[in-house]
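fold the following and give me the result.
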Amino acid sequence: MKIIIFGATEVGCLLATEFFEDHDITIIDKEENRTDEFSKLDISFITGNVCDIGTLKCAEVENADVFIACTAIDEANIVACLSAKRICGIRTICFVSKEEYKNTLYFEKNNINTGDFFIDYIIWPEELLTQDIFRIVTVAKALDVENFADGNARLLEYKVTPNLKIVGQKIKDCGFTNDTIIVGITRNSELFIPNGDTEILADDKLIFMGTAHSLDILAGTFFHEKEIVKNVAIIGGGTVGFMLAKNLETLKIKTKIIERNYPRCEYLAQELKNTLIIHGDGTDLKLLDEEEIGSADVVISVTNNDEKNLLCSLLAKQLGVNRVIARVAKVLNIPLFEKVGIDVAISPKNSALAEVKNDLAENNVDILATVEQGLGEVLEIRVKPEFDGRKVMELKFPTPAIIGVIQRHNKVIIPYGMTELKYDDILIIFTRAEDGDAVKEFFKAGSSK
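The predicted model follows:
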């Protein structure tokens, strides 16, 4: 596949790094925006601005399959996508940073008068980040939460604290709930697929898949003693903080926002009827103490500054908050946040990368989610006739992978070795990202592996 990326930004670099091994990648931007990271990749770099039709033709856009615009300027991204679409009708993916642009572009796409002149996919990273944080907040102590099969199946990730009774035990001896499978473990920053004899160690991150009900029981039994998130403090009242508070209000979770910009506080107070708005600086330890931030079940720092989010998160930890979630703009900073004890460090860029990967997936394969900063993938694969009647234990994957969930019509099945696959089943499979292509290849029609 030939992919053209407009924007030598961090997002552009993430996309190029993710796809260059299997696809033909061309980056378009000004020469001064080219960094050493791009020079390390086997890609083409064209100097110019895609708002100039000549630059697009130089990049051979008419021979490309996908055009992605991800500069820091929304208007440039929009014009670039529309220009590429007009030249050759190529599939276009446009990054935007404002809700009004997303809403307008979706309207234009669905407008019957638009014809073929529209943008195929609009990505607003802040919205994706909000959705990710909201899922994590609503499950006590979870590091990651993903929902599948219309919410009837889930993925939950938990960190193993030294006091848990499962430390030192083999998975097969832990007595995890029925309809639950442990599909992955991250240990010392490396993700692997475990088996029944794998021993669980302190500080492991365990990734489970199962029915929503069974995972609720698992969580309450092993990880948080049925704690319920009742109150949340958000530091930063920007777009993400505002959208998070609106979502939390729908669940009637007691929420407060600390925002340093007074006019923004006035706006938040008008729009959020059940959220307490506090005018102040989230790095002010005295303010945090006076507002009893330490009593919050979760503190979320979502300003647009990594250093400030790190400081706010560390102060919250100092005040005794058990669970802190921080927004990280620069993806390379995520390991630092985790190393100093921040429970969940999450980037809108990683959320957006997962969306693009899913959009570019094969028609019969979807990437439902990525975990551990892209180390793991959850694939959705529809069973073809060649696999009808095959038992799970008979599937000899060429690389480590686990079928976590089978969706059969409206029924969700958590499989074991003797479970038989049926034609048109939907398999939800967990594997390492580096092994995803091998798993997809295995399930292609006619595979006899």
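
what about stretch 412-427, start to end distance?
10 Å (C-alpha to C-alpha, to the nearest Å).

same thing with stretch 81-94?
Using C-alpha to C-alpha, the two ends of stretch 81-94 sit 7 Å apart.

what sits up against it?
Stretch 81-94 is contacted from outside by 4, 50-51, 53, 56-57, 61-62, 64-69, 77-78, 80, 105, 116-123, 356, 359, using C-beta atoms under 8 Å, 6 or more residues apart in numbering. Glycine gets a C-beta too; all of them are placed from N, C-alpha and C.

need the three-state assignment for the residue nearest to residue 49 when sequence neighbours are not counted.
Residue nearest to residue 49 in three dimensions, not counting chain neighbours: residue 55, with 6.0 Å by C-beta to C-beta, 6 or more residues apart in numbering. The three-state label given to residue 55 by DSSP: H, G, I helix; E, B strand; the rest coil is helix.

I'd guessed residue 55 sits against residue 29; true?
No. Taking contacts as C-beta atoms under 8 Å, residue 55 lies outside contact range of residue 29: 10.0 Å.

more neighbours: these two, which one.
residue 29 (21 against 18; other C-beta atoms under 10 Å).

which strand residues bridge the more buried one?
Beta-bridge partners recorded for residue 29 (DSSP bridges): residue 47.

hang on, isn't it packed against residue 7?
Yes. Using C-beta under 8 Å, residue 29 makes contact with residue 7 at a distance of 6.0 Å.

ok so, going back, what's near enough to touch the residue nearest to residue 49?
Residue 55 neighbours (C-beta under 8 Å, 6+ apart): 28, 46, 48-49.

count of neighbours near residue 251?
Residue 251 is flanked by 12 other residues according to other C-beta under 10 Å.

identify the residue spatially nearest to it, adjacent ones excluded.
Closest to residue 251 by C-beta to C-beta, 6+ apart is residue 138, at 6.8 Å.

how much space separates that neighbour from residue 228?
For residue 138, the distance to residue 228 (C-beta to C-beta, to the nearest Å) stands at 10 Å.

okay, those two: which has more neighbours?
Per other C-beta under 10 Å, whichever of residue 138 and residue 228 has more neighbours is residue 138, with 17 against 10.

any idea how far residue 7 is from the residue lying farthest from the centre of the chain?
Distance from the C-alpha centroid of the chain peaks at residue 54, with 35.8 Å (C-alpha atoms, centre = their mean). To residue 7, residue 54 is 18 Å away according to C-beta to C-beta.

re the thing from before, most neighbours among the contacts of residue 55, please name it.
residue 28 (27 neighbours).

that one reaches residue 44, doesn't it?
No. Contact criterion C-beta under 8 Å: residue 28 and residue 44 do not qualify, at 9.2 Å.

tell me the helix or strand right after whichever helix or strand residue 263 is part of.
Per DSSP states H and E: residue 263 is located in helix 262-271. Note on helix 262-271: by DSSP H and E, the next helix or strand toward the C-terminus is strand 275-279.

report all helices and strands that the helix or strand just after that next one contacts.
On the C-terminal side of strand 275-279, the closest following helix or strand by DSSP H and E is helix 285-290. Under the contact criterion of 3 or more C-beta pairs under 8 Å, 6 or more residues apart in numbering; DSSP states H and E, helix 285-290 touches helix 306-318.

touching the helix it packs on from outside, list them.
With C-beta under 8 Å, 6+ apart as the test, helix 306-318 has contacts from 233, 235-236, 282-283, 285, 288, 293-294, 296, 299, 301-303, 324, 326-330, 333, 336-337, 340-342.

please produce a PyMOL select command covering the buried subset of those.
Listed next is the PyMOL selection for buried residues among the contacts of helix 306-318, using 16 or more other C-beta atoms under 10 Å:
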select buried, resi 233+235+236+282+283+285+288+293+294+296+299+301+302+303+324+326+327+328+333+337+342
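
among the contacts of helix 306-318, which are in strands?
Secondary structure from DSSP state E places 233, 235, 299, 301, 324, 326-327 of these in strands.

would you turn the residues you listed into TSV with pLDDT and distance to residue 241?
Below are these laid out as TSV (pLDDT from 0 to 100; distance: C-beta to C-beta, whole Å):
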residue	pLDDT	distance to residue 241
233	97	10
235	98	8
299	97	12
301	98	9
324	96	15
326	97	12
327	96	9
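
want to throw those into CSV with distance to residue 161?
Putting these into CSV (distance: C-beta to C-beta, whole Å) gives the following:
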residue, distance to residue 161
233, 22
235, 25
299, 19
301, 22
324, 15
326, 19
327, 24
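
of those, which is the nearest to residue 176?
Closest approach to residue 176 among the ones in strands among the contacts of helix 306-318 (C-beta to C-beta): residue 324, at 26.9 Å.

report the separation between that closest one and residue 302.
For residue 324, the distance to residue 302 (C-beta to C-beta) stands at 12 Å.

and if you look at residue 15?
Residue 15 is 23 Å from residue 302, by C-beta to C-beta.

for stretch 141-153, list every residue counted as buried.
Buried, per 16+ other C-beta under 10 Å, within stretch 141-153: 141-146, 148-149, 153.

identify the farthest-apart pair in the residues you listed.
Pairwise across these, and taking C-beta to C-beta, the largest span is found between 141 and 149, at 23.4 Å.

buried set for stretch 70-82?
The neighbour-count check on stretch 70-82 (16+ other C-beta under 10 Å) flags 70-71, 74, 76-82 as buried.

in JSON lines: these, plus distance to residue 406, secondary structure and pLDDT.
Below are the buried residues of stretch 70-82 laid out as JSON lines (distance: C-beta to C-beta, whole Å; DSSP: H, G, I helix; E, B strand; the rest coil; pLDDT from 0 to 100):
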{"residue": "70", "distance to residue 406": "36", "secondary structure": "coil", "pLDDT": "95"}
{"residue": "71", "distance to residue 406": "42", "secondary structure": "coil", "pLDDT": "94"}
{"residue": "74", "distance to residue 406": "41", "secondary structure": "helix", "pLDDT": "93"}
{"residue": "76", "distance to residue 406": "45", "secondary structure": "helix", "pLDDT": "92"}
{"residue": "77", "distance to residue 406": "40", "secondary structure": "helix", "pLDDT": "93"}
{"residue": "78", "distance to residue 406": "41", "secondary structure": "helix", "pLDDT": "93"}
{"residue": "79", "distance to residue 406": "45", "secondary structure": "helix", "pLDDT": "92"}
{"residue": "80", "distance to residue 406": "42", "secondary structure": "helix", "pLDDT": "92"}
{"residue": "81", "distance to residue 406": "38", "secondary structure": "helix", "pLDDT": "92"}
{"residue": "82", "distance to residue 406": "42", "secondary structure": "helix", "pLDDT": "90"}
